[in-house]
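Asker: here's my sequence, what's the structure:
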Amino acid sequence: MGAGGRMVPPTPRKSESDPLKRVPYSKPPFTLGQVKKAIPPHCFQRSVLRSFSYLVYDLIIAYLLYYVATNYIHYLPYRLSSVAWPVYWAFQGCILTGVWVIAHECGHHAFSDYQWLDDTVGLIFHSCLLVPYFSWKYSHRRHHSNTGSLEKDEVFVPKQKSSIRWWAKYLNNPPGRLLTLVITLTLGWPLYLAFNVSGRPYDRFACHFDPYGPIYNDRERLQIYISDAGIFAVSYALYRLVLAKGLAWVVCAYGVPLLVVNAFLVTITFLQHTHPSLPHYDGSEWEWFRGALATVDRDYGILNKVFHNITDTHVAHHLFSTMPHYHAMEATKAIKPILGEYYQFDGTPVYKALWREGKECIYVEADEDDENKGVFWYKNKL
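Answerer: Prediction:
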């Protein structure tokens, strides 16, 4: 039903067999209000008990994995333990990514109806994963407010061809692409937080740990200090653990799973906003609704559930970011007929998608024969 009770005709569906076909970039024939009315009202309701149930479930599994790993792996023969530790790292990294996602929901005020509770939970668990909660919350909010904008988006902002560095052509080959992916997945997240790598360009140094950096305004600076205090407290606790247990123990129990979390975080975010079919806009064309639609849902298999469906309901999340994750699948199914060709889903296996996007999406450029010079598409000819 549309506004005023009128039926909104379904928008023609994009062929799912051709995920690389460009999505429309013209003004949609539907409004955000019409999309919202297609979603059952209960999908916007947040439940403290239900939200906590997912968090507690994740924490129980994380503790059980930690307990088994730290109490029993050392009894195994060397060959078996050399296999058991990587298995623990992979499983624990996936579970902790789920915890990261729940803390991310707190930053969107999607965990409960109480802002203080959302911020308390988010601060605790993002700090435990070495994420400056309020710092990220505010920059991420601006990402949602400016998605698809070449000038104001905050993360994975594509470069225009004129801004490509001289060394890019030497990395535009399989070995260079592999090196770039490895660096991005291992160091991308801390480099973004500390040096704004891949983020929006500012007129001076930008850092998520700097309360007086250009990312934040005067009203937000106190909470950046609180975020820094959270990181300092967890870092000090880790230091004391190293003294008590040894560096190897901390690296195996906590450090490597954290690297897995960071790699998944970068992978998820990169693939949600980097795709040959998605447009980006300069200031002459950008508007919030079209930018929010310039995202893509992906399929991570069983990990969709482990990651609380942040992977396969991202389009709905960008349209209605305060919706809790446990309603996002229902909402996505409800809005697909309305979005039609404007909805993008790509079921390409993640490892193949990473390689393809790393190859095809090097910079953005407007089509020469297109009258809309403010619409930019990914290209790779250097």
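
Asker: isn't S149 right up against H280?
Answerer: Yes - shown here, S149 and H280 form a contact pair, counting by C-beta atoms under 8 Å, at 7.5 Å. Using the backbone N, CA and C atoms, a C-beta is placed for each residue, glycine as well.

Asker: so what pLDDT did G4 get?
Answerer: What the model reports for G4 is a pLDDT of 42.

Asker: again, but for S15
Answerer: Reading off the model, S15 has pLDDT 47.

Asker: tell me where the stretch 101-250 of the chain has helices.
Answerer: Counting by DSSP state H, counting those that start in this stretch, one finds helices in the stretch 101-250 of the chain at the ranges 115-128, 133-145, 168-171, 174-195, 221-245, 247-250.

Asker: any idea which of these is most buried?
Answerer: Greatest average neighbour count among the helices of the stretch 101-250 of the chain goes to helix 133-145 (a mean of 21), per mean count of other C-beta atoms under 10 Å.

Asker: okay, now the unreliable bits of the chain?
Answerer: Low-confidence regions of the chain, defined here as pLDDT under 70, cover residues 1-17.

Asker: report the central residue of it.
Answerer: With distances taken as C-alpha atoms, centre = their mean, the residue of the chain nearest its centroid is T269 (3.4 Å).

Asker: that residue contacts D153, correct?
Answerer: No - judged on C-beta under 8 Å, T269 makes no contact with D153 at a distance of 11.8 Å.

Asker: so how far is stretch 191-210 from its chain's centroid?
Answerer: 17 Å (C-alpha atoms, centre = their mean, to the nearest Å).

Asker: for stretch 177-193, that is, sorry about that
Answerer: Going by C-alpha atoms, centre = their mean, the spacing between the C-alpha centre of stretch 177-193 and its chain's C-alpha centre is 14 Å.

Asker: so what touches that stretch?
Answerer: With contacts defined as C-beta atoms under 8 Å, 6 or more residues apart in numbering, stretch 177-193 is touched by 131-132, 135-136, 155, 171, 197-199, 207-209, 259, 262-263, 265-267, 270, 354-355, 358-359.

Asker: and those, which are buried?
Answerer: When these are checked for burial by 16 or more other C-beta atoms under 10 Å, the buried set is 131-132, 135-136, 155, 171, 198-199, 207-208, 259, 262-263, 265-267, 270, 354-355, 358.

Asker: make a markdown table from the helices of the stretch 101-250 of the chain and add distance to P276 to it.
Answerer: Rendered in a markdown table, the data for the helices of the stretch 101-250 of the chain read as follows (distance: least, C-beta to C-beta, whole Å):
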| stretch | distance to P276 |
| --- | --- |
| helix 115-128 | 32 |
| helix 133-145 | 21 |
| helix 168-171 | 18 |
| helix 174-195 | 15 |
| helix 221-245 | 36 |
| helix 247-250 | 41 |
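
Asker: who wins for proximity to I335 among those helices?
Answerer: Closest to I335 of the helices of the stretch 101-250 of the chain is helix 133-145 (C-beta to C-beta; 17.0 Å).

Asker: just want the angle from that closest one to helix 221-245.
Answerer: Counting by axes from the mean of the first three to the mean of the last three C-alpha atoms, to 10 degrees, helix 133-145 lies at 130 degrees to helix 221-245.

Asker: wait, R221 touches Y212, no?
Answerer: Yes - counting by C-beta under 8 Å, R221 sits close enough to Y212 to count as a contact (6.6 Å).

Asker: now do the helices in the stretch 251-382 of the chain.
Answerer: If DSSP H, counting those that start in this stretch is used as the criterion, the helices of the stretch 251-382 of the chain fall at 256-273, 288-293, 303-306, 314-319, 328-339, 350-360.

Asker: of these, which stretch is the most buried?
Answerer: That would be helix 314-319, which, of the helices of the stretch 251-382 of the chain, has the most neighbours on average (mean count of other C-beta under 10 Å), namely a mean of 24.

Asker: now Y72: phi and psi?
Answerer: Geometry field for Y72 lists phi and psi as phi -130, psi -30, criterion degrees, to the nearest 10.

Asker: count of residues packed around it?
Answerer: Using other C-beta atoms under 10 Å as the criterion, Y72 is surrounded by 11 other residues.
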